[in-house]
Every structure is written in structure tokens, then in C-alpha cells.
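>>> sequence isn't available, so here's the structure alone:
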């Protein structure tokens, strides 16, 4: 069982930056591919970014490339999402997720564990 706790969300003006963190309670963090997803109430969950267990492979939603960066620190069992040049349309609840496998995945159905989410609100 892997427990995930996100932090770092909040209110930011358009053009600003935020860094989300996800702390994982597991002894085998480097064996877990990790991902970030987001969801707006009433809409489907959206893939944001994913990273392999080693950190050597990364994948991003096409619309977010260049603004968002996913990274991980396996020594600290922590996943990060650096979000720059934020836009009002980035407003959503952001969730981190973990796979039992180290291989990267972009579909939510491929993930086994989910955090409770952290809200990001970008004002005009």
C-alpha cells in the first residue's frame, strides 16, 4: 500500500508559478512510476505529466509542455510538479498517482494509488 499526500497548491495570479509536492509512504519509491493529473468539477480527469521510477523518462500533456516540469527525488520519496506561467484555465484539483510498476503511463486507469488532491486556483 502506498499513501500519497500532495501539498503546495493555493491561489496565484495569472503568470505566476507554483510547485506541487507529493510525499509517498513506501519503501520502494524508485519502483513506482508516478503521475500528475488534474480535474475540474464536472469534467473528466486530465493527464498532466508522468515520470518513470528512475526519473529517466518523462511525458507531458501536449498542451502543457514548456510550462510544467515533473521531477522526483527518490531519496526523499517525493514527486514534484513545477508549474510556470500559470493561466486561469490551469485552475483545478491536482492529484498525484503511483503505479506498482516503474514504467511510465499516461492513463489514469494505469495507476494504483491516488492522493487526496491539492487545489490550484489561478486568478486573472
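Structure's in. What do you need? As the structure is a computational prediction, the values presented were derived from the model and not from experiment.
>>> OK, contacts around residue 25?
2-5, 77 (CB atoms under 8 Å, 6 or more residues apart in numbering). All C-beta spots, glycine's among them, are computed from the backbone N, C-alpha and C.
>>> just residue 9 next, same as before
With contact set as CB under 8 Å, 6+ apart, residue 9 has these partners: 18, 20, 94, 118-120.
>>> of the contacts of residue 25, buried ones?
2, 4, 77 (16 or more other CB atoms under 10 Å).
>>> now name the helix or strand holding the most centrally placed residue in the chain.
Central residue of the chain (CA atoms, centre = their mean): residue 36, 2.4 Å from the mean position. Using DSSP states H and E, residue 36 maps to strand 34-39.
>>> excluding its own residues, what touches that strand? List them.
20, 22, 24, 45-51, 53, 70, 72, 79, 81, 90, 92-99, 105-106, 108, 111, 117, 120.
>>> hmm, back to that, I'd like the buried ones among the contacts of residue 25 as TSV, with secondary structure, pLDDT and distance to residue 63 appended.
Shown next, in TSV, are these (DSSP: H, G, I helix; E, B strand; the rest coil; pLDDT from 0 to 100; distance: CB to CB, whole Å):
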residue	secondary structure	pLDDT	distance to residue 63
2	coil	92	28
4	strand	98	24
77	coil	97	29
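>>> thinking again about what came up before, buried only: go through the contacts of strand 34-39 for me.
Taking 16+ other CB under 10 Å as the criterion, what is buried in the contacts of strand 34-39 is 20, 22, 24, 45-51, 53, 70, 72, 79, 81, 90, 92-99, 105, 108, 111, 117, 120.
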